[in-house]
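>>> quick one: sequence plus predicted model below, questions after.
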Amino acid sequence: MSAQQPGRTLVVRVLAAVLIALVPVIVLSLSTWSAATGLLVLGIIPTLSAAAGGPRAMAVAASGSVATALVAVLVANTGPLTPWLGTALVVVLSLATGALAVRGLHPVGAATISFAAYVLVDPSSAIDVLDASLPAWGSAGLVAGGVLLGCLWAIAAVALLLRGVRLPTPAVTATLPYGVLLAVLCGLFTLVCVLWFTGTNAWWAVMTVAVILQPTQGETRTKLRGRIAGTVAGCTAAALVVLVLPSVFVSVLLGVLASLASVVLLLSGAAYWKYSLAVTVTVMLLTFEHDEVFAGDVQRIIVTLIAAAVTAAAVWLATASGKLRT
């Protein structure tokens, strides 16, 4: 089956696995601890991104997420050292992601970078919402433990419903200095965000770079255009949902449906902007309070445009310098 295009039965199995994996997210988003939903979502995305490789690959990705959560929370509590240690953490993750590209697993690394940036730039989302009175190591253990439970649940869902299924993860031949560019751009954005924009959604800039930047120039260009179009369309759709359907339960339900739609779009090889649209709707409806979606939409569009422009400029410079050397 791995050598063939995923059929209808496989798509149904994948959707069922993802839906079950998202059960903790749904429960958390409807509880009094709903502010921690973003933490759980970003914590398990690297594990779900590795689902094509089976439970073993997911277990490795989960280990990376748990370790990243532990280190990132501890770093976020180091005071004046946080910007520098946080940037170092993101740089290390970026270089590791560059090394994963040869196996086609760089999306797992990109998701882990995004998770680290979230914890470093907006630590209140990861710490205060749980228990601000805990010491640093206690908060780190609590966050890492929550991420571990979410990842184990996701692994169990995939192992149960996708037993024996292996989707191809083709190796990538890089035409850009991918790991270096990723480390420089994500590192710089992390440093700026932690120094001057702590407690905000500015970490989206790091996530945008991690998602847009790809090992090849052509793929990067496609992701850049698709990310901008999908973000604008997704934010617009999320705003309309909140405006027309003010029920929190309905918003959460539509957010989950958007998440499932993103899986279908990914498996079917649809245009990236459609996938980006579905993911944006998921993020806006599942990680924002109902009355904060409009402000979040504006912030996400602005941050995405800035990060996309910087990424495009960096890729152009890298390409131009390579041609000059040649």
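Here it is on my side, so go on.
>>> correct me if wrong: residue 308 contacts residue 221.
No - between residue 308 and residue 221 no contact is recorded; they are 10.9 Å apart, counting by Cβ atoms under 8 Å. Bear in mind the C-beta positions are built from the backbone N, C-alpha and C, glycine included.
>>> more neighbours: the two, which one.
residue 308 (21 against 14; other Cβ atoms under 10 Å).
>>> in which helix or strand does that one reside?
helix 293-325 (DSSP states H and E).
>>> how far does that helix sit from the chain's center?
17 Å (Cα atoms, centre = their mean, to the nearest Å).
>>> and it, what does it pack onto?
Applying 3 or more Cβ pairs under 8 Å, 6 or more residues apart in numbering; DSSP states H and E, one finds that helix 293-325 contacts helix 178-196, helix 204-212, helix 217-244, helix 272-287.
>>> the shortest one: which residues count as buried?
By neighbour count on 16 or more other Cβ atoms under 10 Å, the buried set for helix 204-212 is 204, 205, 206, 207, 208, 209, 210, 211, 212.
>>> do the same with stretch 286-295
The neighbour-count criterion (16+ other Cβ under 10 Å) identifies 286, 287, 288, 293, 294 as the buried residues of stretch 286-295.
>>> I'd assumed residue 36 was in contact with the first one.
No - checked against Cβ under 8 Å, the pair residue 286 and residue 36 is beyond contact range at 11.6 Å.
>>> what comes into contact with stretch 33-48?
For stretch 33-48, contacts defined as Cβ atoms under 8 Å, 6 or more residues apart in numbering pick out 18, 21, 24-25, 28-29, 58, 61-62, 64-65, 69, 108-109, 111-112, 114-115, 118-119, 125-126, 129-130, 143, 146-147, 150-151, 153-155, 158, 283, 286-287, 289.
>>> buried among the residues you listed? Need that as a selection in PyMOL.
The following PyMOL line selects those of the contacts of stretch 33-48 that are buried, judged by 16+ other Cβ under 10 Å:
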select buried, resi 18+21+24+25+28+29+58+61+62+64+65+69+108+109+111+112+114+115+118+119+125+126+129+130+143+146+147+150+151+153+154+155+158+283+286+287
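>>> nearest spatial neighbour of residue 197, chain-adjacent residues omitted?
Spatially, and ignoring its direct neighbours in sequence, residue 197 is nearest to residue 121 (6.6 Å; Cβ to Cβ, 6 or more residues apart in numbering).
>>> what sits against the one you found?
Residue 121 touches 190, 193, 194, 197, 198, 199, 200, 202, 203, 206, counting by Cβ under 8 Å, 6+ apart.
>>> if I look at the second one, how far off is residue 120?
Just to be clear, that refers to residue 193. Residue 193 sits 8 Å away from residue 120, going by Cβ to Cβ, to the nearest Å.
>>> one more: the fourth one?
Look at residue 197 and residue 120: by Cβ to Cβ, they are 11 Å apart.
>>> who has more neighbours, these two?
residue 120 (27 against 16).
>>> could you check the angle helix 178-196 makes with the helix or strand hosting residue 85?
Applying DSSP H and E as the criterion places residue 85 in helix 82-100. On the basis of axes from the mean of the first three to the mean of the last three Cα atoms, to 10 degrees, helix 82-100 is oriented at 160 degrees to helix 178-196.
>>> from the contact counts, what lies against helix 82-100?
Secondary-structure packing of helix 82-100 (3+ Cβ pairs under 8 Å, 6+ apart): helix 55-75, helix 106-121, helix 178-196, helix 204-212.
>>> now those in JSON lines, with distance to residue 88 and mean pLDDT?
Listed next are the helices and strands packed on helix 82-100 as JSON lines, based on distance: least, Cβ to Cβ, whole Å; pLDDT from 0 to 100:
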{"stretch": "helix 55-75", "distance to residue 88": "9", "mean pLDDT": "92"}
{"stretch": "helix 106-121", "distance to residue 88": "11", "mean pLDDT": "92"}
{"stretch": "helix 178-196", "distance to residue 88": "8", "mean pLDDT": "95"}
{"stretch": "helix 204-212", "distance to residue 88": "14", "mean pLDDT": "93"}
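>>> so can I have a markdown table of those helices showing distance to residue 253?
Shown next, in a markdown table, are these (distance: least, Cβ to Cβ, whole Å):
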| stretch | distance to residue 253 |
| --- | --- |
| helix 55-75 | 26 |
| helix 106-121 | 24 |
| helix 178-196 | 32 |
| helix 204-212 | 24 |
